[in-house]
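J.: quick check, what structure comes out for this input:
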Amino acid sequence: MKILHIDSNHTLLINQLNNLGFTNHEDYTASKSEIEAKINGYDGIIIRSRFGIDKQFLDAAKILKFIGRVGAGLENIDCDYAEEKGVTLFNAPEGNRNAVGEHALGMLLSLFNKLNKSDKEVRQGKWLREANRGLELDGKTVGLIGYGNMGKAFAKKLRGFDVKVLCYDIKPNVGDENCTQVSLEELQEKAEVLSLHTQQTPLTLNMVDSVFIDNFKKPFWLINTARGKSVVTEDLVVALDSGKILGAGLDVLEYEKSSFEDLFKTDESKFRWMRKGKKSNLPEAFQYLMNADNVILTPHVAGWTIESNVKLAQTIVDKIKAKFC
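T.: Below you'll find the model as predicted:
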């Protein structure tokens, strides 16, 4: 079987697939149309997020048997059409769930203890102890939306704290010893921290909007290590400004490209400020986030650790081996 790799990954992926008898080709620079022109010669394709796999691409892939997505989400693939054509889909949420859980916890603790703000101030010669008095996580109620691999990993990290963990998920009976499953209404009534762990689907697109936020009984902290387009940034800013949301840790942003690559390297007019050295064309909501002391921003790296690079690749190898060897 021949496999085409269109995104670079840990070397173990190709090495182990070679040892299993697969023929592996790499093409990390060709355009989607160029890949599409030769994909009919391949039984498998390994991707991260360089471009989407749509109906046209799948129709061109005459003998394609599987797609391996080295990551968790599958929103860049027309999954229904792929399955209709008998193409097996492999993803690897098991590979980076621990990394995401640790990152979410790190963001939450940094927000509660104002670590980013106080670090910046000390470097500027400011010694503001009272202004940087922190909060303790113990005693809080943490709400999770989505309780799959990522949600479960975060809940496991929270076991060392005296917190109540609640989750809402569209699947029934997913709660466990680390988390109690509740209705969305109960979660919004009780949660003081909200962490998102959902894939991008029609149900989660723009999910966190003004109505959703207003339905929370208490002011709350928001952590998003899932997908940027689940949160309406302008509504988030309004809630931050009013105090309804007390702070936010955002590893993902609404403005990201579908490939998750450098947000600022784009021809879109709203980001031309980067090339000009100006911020005038940056969306106002984004400017607010960049300047807010109670917001932490990271460049979609929650699942992007040294260890997860290995585990993601190994997970894909193991799933291909189980299916085809």
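
J.: what about the strands in the stretch 1-150 of the chain?
T.: When secondary structure is read from DSSP state E, counting those that start in this stretch, the stretch 1-150 of the chain shows strands at 2-5, 23-26, 44-47, 66-69, 88-90, 141-145.

J.: output these in a markdown table; the columns should cover mean pLDDT.
T.: Listed next are the strands of the stretch 1-150 of the chain as a markdown table, based on pLDDT from 0 to 100:
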| stretch | mean pLDDT |
| --- | --- |
| strand 2-5 | 97 |
| strand 23-26 | 97 |
| strand 44-47 | 97 |
| strand 66-69 | 96 |
| strand 88-90 | 97 |
| strand 141-145 | 98 |
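
J.: in a markdown table: those strands, plus distance to Lys319 and mean neighbour count.
T.: For glycine as for every other residue, the C-beta is placed from the backbone atoms N, C-alpha and C. As requested, these are exported to a markdown table (distance: least, C-beta to C-beta, whole Å; neighbours: other C-beta atoms under 10 Å):
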| stretch | distance to Lys319 | mean neighbour count |
| --- | --- | --- |
| strand 2-5 | 13 | 20 |
| strand 23-26 | 16 | 14 |
| strand 44-47 | 11 | 24 |
| strand 66-69 | 7 | 23 |
| strand 88-90 | 4 | 17 |
| strand 141-145 | 26 | 25 |
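
J.: turn those strands into a markdown table, including distance to Met290.
T.: Supplementary listing: the strands of the stretch 1-150 of the chain in a markdown table, determined by distance: least, C-beta to C-beta, whole Å:
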| stretch | distance to Met290 |
| --- | --- |
| strand 2-5 | 35 |
| strand 23-26 | 37 |
| strand 44-47 | 31 |
| strand 66-69 | 31 |
| strand 88-90 | 36 |
| strand 141-145 | 25 |
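
J.: quick one: which of the ones you listed is nearest Met207?
T.: Proximity to Met207, assessed across these by C-beta to C-beta, is greatest for strand 141-145 (7.8 Å).

J.: so what strands line up beside the closest one?
T.: Strands flanking strand 141-145 in the sheet, each with its direction: strand 164-168 (parallel), strand 193-196 (parallel) (DSSP bridges).

J.: other residues contacting that strand?
T.: Where contact means C-beta atoms under 8 Å, 6 or more residues apart in numbering, the residues beyond strand 141-145 that reach it are 151, 154-155, 158, 163-169, 179, 184, 187-188, 190-198, 207, 220.

J.: what's the offset of it from the middle of its chain?
T.: Here strand 141-145 shows a centroid-to-chain-centroid distance of 17 Å under the convention C-alpha atoms, centre = their mean, to the nearest Å.

J.: buried subset of the contacts of strand 141-145, written for PyMOL?
T.: Buried subset of the contacts of strand 141-145, written as a PyMOL selection, criterion 16 or more other C-beta atoms under 10 Å:
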select buried, resi 151+154+155+158+163+164+165+166+167+168+169+179+187+188+190+191+192+193+194+195+196+197+198+207+220
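
J.: from Lys229, how far out is Ala92?
T.: Spatial separation of Ala92 from Lys229 under the definition C-beta to C-beta, to the nearest Å is 21 Å.

J.: who's more crowded, these two?
T.: Neighbours around Ala92 and Lys229, counted as other C-beta atoms under 10 Å, are more numerous at Ala92. The numbers are 24 against 19.

J.: tell me who's in contact with the nearest residue to Asn294 once chain neighbours are set aside.
T.: On the basis of C-beta to C-beta, 6 or more residues apart in numbering, the spatially nearest residue to Asn294 that is not a chain neighbour turns out to be Gly247, at 3.7 Å. By C-beta under 8 Å, 6+ apart, Gly247 lies in contact with 111, 221-222, 240, 294-296.

J.: report the beta-bridge partners for Gly247.
T.: When Gly247 is checked against DSSP bridges, its beta-bridge partners turn out to be Trp221.

J.: among the strands paired with strand 141-145, which is nearest Val87?
T.: The minimum distance between Val87 and the strands paired with strand 141-145 falls on strand 193-196, with 29.0 Å, by C-beta to C-beta.

J.: mind giving me a markdown table with the strands paired with strand 141-145 and columns for mean pLDDT?
T.: What follows is the strands paired with strand 141-145, written out as a markdown table (pLDDT from 0 to 100):
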| stretch | mean pLDDT |
| --- | --- |
| strand 164-168 | 98 |
| strand 193-196 | 98 |
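
J.: of all those strands, which one is nearest Gln16?
T.: Across the strands paired with strand 141-145, Gln16 has its closest neighbour in strand 193-196 (33.2 Å, C-beta to C-beta).

J.: following the closest one, which helix or strand shows up next?
T.: Using DSSP states H and E, the next helix or strand after strand 193-196 towards the C-terminus is helix 210-214.

J.: run the chain-centre distance for that following helix.
T.: That offset, for helix 210-214, works out to 22 Å (C-alpha atoms, centre = their mean).
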